[in-house]
Every structure is written in structure tokens, then in C-alpha cells.
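Visitor: Below are the sequence and a predicted model; questions follow.
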Amino acid sequence: MFLDWGSITTFYGQLLKGAGLTLVITGLAFAIAIAVGLLVCAGRISRVAPVRWASTVYVEVMRNTPVLLQIFIIFYGLPSLGLRFSAVTAGVLGLGLNVGAYLAEIFRAGVIAVPKGHREAATALALSKVQTLIWVVIPVSLRAVFPALSNMFLATLLGSSLLSVIAVPELTGETNEISSRTFLTIEVYSFSTLIYLALTLSCSIGLALLARWLFPRASRS
Amino acid sequence: MPLLTMNNVHKRFGALTVLNGINMSVEAGQVAAVIGPSGSGKSTLLRVINGLEPIEKGTIEVDGVSTASLQGLREVRKQVGMVFQQFNLFSHLTVGGNVMLAQRLVLRRDKSEAEKRARELLARVGLEEKWGSYPSQLSGGQQQRVAIARALAMDPRIMLFDEATSALDPELVGEVLGVMRSLAESGMTMLVVTHEMNFAREVADRVLFMDKGSVLADGTPEDILVRPTDPRIQQFMRRLTEH
Ligand SMILES: Nc1ncnc2c1ncn2[C@@H]1O[C@H](COP(=O)(O)OP(=O)(O)OP(=O)(O)O)[C@@H](O)[C@H]1O
Ligand SMILES: [Mg+2]
């Protein structure tokens, strides 16, 4: 068997562009996921029963159906209702809405993890509900859920490769394209795998550093 | 006019009546100890004052302000400091951060003013050198003293203590009682739920004995602790001295 590693160098630029788009998609999808997650989490613990039910249905449906199908519905299905998105937009939306359901559950666990005494102390000190949320509940729960959030971020990064199926030219998409054009199959897929590995590892390290900076060791209860 | 007044206060948890028509008042400068068997409603008595638990019936006034309206309740919370059995320090904030947070957010003090007040109070409870430590780095007794400083930083009119020393190792009880004692001597109005009978006898002007959601007896430490006439109080005191 003959492996032509040298020829890959020709495609560095294209692969790096794909990797760049992967990062952008991941960042945007995760931002949407955080917004959706906060909203749905608030819904899950709402005092209004129908809001609670709707949020639960959302979480269960999103988590118990394939994300690829959800993306197909947005990309292929919604145009028949007059909503047309570019492949990138549809992919970012689909990924964000899906990951948002997971984040909602993580946030909920975080809110539950805040000791009741913290809230009572804040109330006794005359902090308003919003002040308590911003200055006590969110910081304490963020610390509790940060590892889970980091994992979801990495899962989102890897999951973004699904968007290649609707022809988004992110890293996997570009890899497919090069492979089918040049037949450097093993070489280019192995190389992309290494790029993914480099991306996830550097994100992991970055997130770990962020955690160390945000949460000094001794502040962990 | 008394600083704290409770009129016919009723509180239920489901079918269980926990406060059954409480009538009592505390004068400014007075130190009142609350004693009584477990489950008699002592903690609940404190918790309804600043609205940690809503009441079904009756009125509560602090310095003439009723807790019935949301606005009144917020005003009352500023006037009432509370110290919990489990300290309840904010684990994500340093000692200084704990003592400054509500000063900044509620009293709108600027940073230097809040810090000055916080340092003063930490010095008063003997912990000025712990400014940058986190609660997890402190002993229980130190945490409780920080919690007292945090409550005092709001310049409250009255301080509520709910078994402030019950969660502490025996050797740490003294340092917290010492702070409470000097607070009482400084003229602070205090309502103190406690199992420390020596503290109640030596520091309190008044002792309230609670049983089944009512104040069964209200008198001097001498009346209640030394020469109780009510058989239920006699029995309670006997149980305490047995171990
Ligand atoms: N949030 C709650 N929900 C239901 N029941 C409660 C709640 N809080 C307290 N109770 C009940 O109310 C009664 C009085 O409780 P409370 O904590 O006021 O008693 P206490 O006198 O402080 O007792 P202890 O000496 O054990 O601290 C108890 O029977 C308790 O089980
Ligand atoms: Mg109690």
C-alpha cells in the first residue's frame, strides 16, 4: 500500500478554513444553546404549570430524537412552511436548539446544587430576587456545572461534523470534498482526525484554565 | 414603643400548626433568649420575622414597619440581621466579599466605604487577617463570626440568632458566644434561640419558653431557668441537666 502524505500539504489551506468554520459554528451554536438552555431551564422551574410542561416536552423531544433529523427538519422541512435558511444557519440553529435542551438540564441541576442556606442568607440580607440570582445563584451553580458545560462544548464541537451532511463546508465537509476529489482517503481523513484532536485538546486546556481563573481552588465548597 | 412586635401570629406547615397565635414584643436594647423543646417552633418564630417563612395570620412590626407589604418586608429585612445555625456564608466569595456584598447591593455603599465597614467589623470579631480567605478555609467558629460580621455590616436594629453555636465543635463554641456577649453589652437588641443555658442566664434580660407553637412562659432568666413553676419547663430543664 502506498500512502501519499506529501500531497496533503496542498490542502492545508482548505482544511484550515474548514477547521475555522467548525470553530465558528461551534461557538455560535453553543451561544444559542446557552440562551435556549437558560430559557428552558427557567421554564422547567417556573411556577406556571403549562410553561413547565412545555419546557419538559421540549427537553424530552430534543434529547430523544436524532439531532441529524432535527437539522433535516430545519433545513429541508421548514422551507415548505416558507422558512428558508442557508445550510450554515440551519445547521447552527439545529445544533444550538439540540444542545440547548441538554444545557437546560445541566443548568437546572446547577440551580438545585445551590445550598438553600445561600438563598436564605441572601434574602435575610435584603437582596432582591434578581440580585440573589445574579450574585449568588448563578455564580455558585456555574461553578457546580462548569465541568458538564465544558463536556457539552466539546460534544458540540465534534457534533458539528454532522453538518457536512447538509453540505456545510466545515472540517468534515472539506475533508469529504478533498477525499472524493483526490482519493487521498486515508491520508486526508487521518489528518482531519488529528486536527479535530488538536481542536478538542486545546479547547479542553482553555476551558480548564478558564475554570482555574474563574473559580479559585479554595472557593469550592 | 417596642422595637419588635408580633401580634397573634399564626404559621402552619400543611396540617401542622407551628406558631399558634404568638403575641410578644422586644424592647430596643433588650436581649431575649428563646428556649424550648425541639420542634416547638423556635426557628420558625425567627424565620417569620424577616419573611423567610410567610405567615397565615397576624402582624409583625419592626420599628413600626409592618412586614405585610412587600415594601415593608424589604425595609424590615434591612433592619433585621440573622445568624443561622449552619453559618450560610457565600462559598464563592471571600470573607471580605461576604461582608461587603449586601452593603454594596442593598445599602448602595461604594466600595471603599463598604470595605472600611467590613474591615472594622471583622476586626471586632477578631478575624481581620482572614479578609482574603474563603469560607472553606475557616473553622466553624470563624465562619460563624464572619456571618455575624456580615449581618452587622447592614447596621441592623435587631439581630436574630438561631442556635448559632449548635453546629460547632465544643471547643469553638466559646469564641462565638464571646462575640455574642460583647454584642449584647454594646446595646444591640437580640433575639437568641439557644440551648446554651449559661449564656441565657448570664446574658439575656429575658427568657421565652416555647412549647407547641406558643410562648408558654416569658420572664427573667431567674424565673424561667432557675425557679420554673410550670411543670413542662421543669421537665425540660431536668432533661437538659441530665446530660
Ligand atoms: N419547611 C417546613 N416544612 C414542613 N414542616 C416544617 C418546616 N419547617 C419546620 N417544620 C416543622 O415545624 C415544626 C417546628 O419547627 P422549628 O424548626 O421551628 O422547631 P425548633 O423549635 O426550631 O426545633 P429545633 O430545636 O429542633 O431546632 C417542626 O415540627 C418541624 O418539623
Ligand atoms: Mg430550630
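Guide: Great, that's in hand. Residues are numbered from 1 along each chain as shown, chains lettered A, B, ... in the order given. Ligands and ions are numbered 1, 2, ... in the order given.
Visitor: Pull up the gap between the residue in chain A positioned nearest to ligand 1 and residue B:52, please.
Guide: Closest residue of chain A to ligand 1, Cβ to the nearest ligand atom: residue A:116 (9.9 Å). C-beta here means a position set from N, CA and C on the backbone, and glycine is covered the same way. Taking Cβ to Cβ, to the nearest Å as the measure, residue A:116 falls 10 Å from residue B:52.
Visitor: quick one: which of the two has more around it?
Guide: Neighbour count, other Cβ atoms under 10 Å in any protein chain shown: between residue A:116 and residue B:52, residue B:52 has more, with 18 against 10.
Visitor: Please name the nearest non-neighbouring residue to the more buried one.
Guide: Counting by Cβ to Cβ, 6 or more residues apart in numbering or on different chains, residue A:120 is the residue found nearest to residue B:52 once chain neighbours are left out, at 5.7 Å.
Visitor: Wait, that neighbour touches residue B:51, no?
Guide: No: taking Cβ atoms under 8 Å as the definition, residue A:120 is not a contact partner of residue B:51, at 10.7 Å.
Visitor: Helix or strand: which one has the residue lying farthest from the centre of chain B?
Guide: Residue distances from the centre of chain B (Cα atoms, centre = their mean) peak at residue B:112, which lies 28.2 Å from the mean C-alpha position. Here residue B:112 sits within helix B:111-124, counting by DSSP states H and E.
Visitor: can you check residue A:209 too?
Guide: Short version, using DSSP H and E: residue A:209 is in helix A:185-214.
Visitor: now the helices for the chain?
Guide: Here I'm looking at chain A. Taking DSSP state H as the test, the helices found in chain A are A:12-44, A:49-63, A:67-72, A:87-113, A:116-124, A:129-132, A:138-159, A:171-182, A:185-214.
Visitor: That was the other one, I meant chain B.
Guide: Along chain B, the stretches classed as helices by DSSP H are B:42-49, B:70-79, B:95-105, B:111-124, B:140-152, B:170-185, B:197-203, B:221, B:231-242.
Visitor: can you list contacts of the first one?
Guide: By that I understand helix B:42-49. Contact with helix B:42-49 is made by B:4, B:6, B:9, B:11, B:18-19, B:22, B:34-36, B:53-55, B:60, B:62, B:67, B:76, B:80, B:82, B:160, B:162-163, B:191, B:193, B:210, as judged by Cβ atoms under 8 Å, 6 or more residues apart in numbering or on different chains.
Visitor: in that helix, what's buried?
Guide: Neighbour counts over helix B:42-49 (16 or more other Cβ atoms under 10 Å in any protein chain shown) mark B:42, B:43, B:44, B:45, B:46, B:47, B:48, B:49 as buried.
Visitor: And for stretch A:181-197?
Guide: Using 16+ other Cβ under 10 Å as the test for burial, stretch A:181-197 gives A:184, A:187, A:188, A:191, A:192, A:195, A:196.
Visitor: Next up, phi/psi of the first one, please.
Guide: In this case it means residue A:184. As for residue A:184, its main-chain torsions (degrees, to the nearest 10) stand at phi -90, psi 50.
Visitor: Please read off the pLDDT at it from the model.
Guide: At residue A:184, the model reports a pLDDT of 87.
Visitor: just checking, residue A:186 touches residue A:5?
Guide: No: in this structure, residue A:186 is not within contact of residue A:5 by Cβ under 8 Å, at 9.7 Å.
Visitor: what pLDDT, on average, does stretch A:85-97 get?
Guide: On average, stretch A:85-97 scores 97.
Visitor: contacts for it?
Guide: Residues from elsewhere that reach stretch A:85-97 (Cβ under 8 Å, 6+ apart): A:21, A:25, A:28-33, A:36, A:62, A:67, A:70-71, A:73-75, A:78, A:156, A:159-160, A:162-163, A:166-168.
Visitor: Can you pull the residues of chain A lying near chain B?
Guide: Contact residues (Cβ under 8 Å from any Cβ of the partner chain) of chain A with chain B: A:115, A:117-118, A:120-128, A:131, A:135-136, A:139-140, A:143, A:215-216, A:218-221.
Visitor: Quick check on the residues you listed: which are buried?
Guide: Buried members of those, scored by 16+ other Cβ under 10 Å, are A:117-118, A:120-127, A:131, A:135-136, A:139-140, A:143, A:215, A:219, A:221.
Visitor: What residues does chain B have near ligand 1?
Guide: Residues of chain B found near ligand 1 (Cβ under 6 Å from any ligand atom) are B:13, B:16, B:18, B:36, B:38, B:39, B:40, B:41, B:42, B:43, B:44.
Visitor: Out of these, the closest to chain A would be?
Guide: Of all the residues of chain B next to ligand 1, chain A sits closest to residue B:43, with 11.2 Å by Cβ to the nearest Cβ.
Visitor: Show the low-confidence segments of the chain, by residue range.
Guide: Here I'm looking at chain A. A:1-2, A:218-221 (pLDDT under 70).
Visitor: um, chain B though
Guide: Checking chain B against pLDDT under 70 turns up B:243.
Visitor: again, only this time at 50
Guide: Counting by pLDDT under 50, chain B shows no low-confidence range.
Visitor: can you list the residues of it near chain A?
Guide: Counting by Cβ under 8 Å from any Cβ, chain B comes close to chain A at B:50-52, B:74, B:77-78, B:80-82, B:84, B:86-94, B:101-102, B:105-106, B:133-137, B:147, B:150-151, B:154.
Visitor: Which among the residues you listed count as buried?
Guide: The neighbour-count test (16+ other Cβ under 10 Å) applied to those identifies B:50-52, B:74, B:77-78, B:80-82, B:84, B:86-94, B:101-102, B:105-106, B:133-135, B:147, B:150-151, B:154 as buried.
Visitor: Cross those residues against strands and list the overlap.
Guide: Judged by DSSP state E, these include B:80, B:81, B:82 as members of strands.
Visitor: Tell me the one of the residues you listed nearest residue A:110?
Guide: Of all those, residue A:110 sits closest to residue B:82, with 25.6 Å by Cβ to Cβ.
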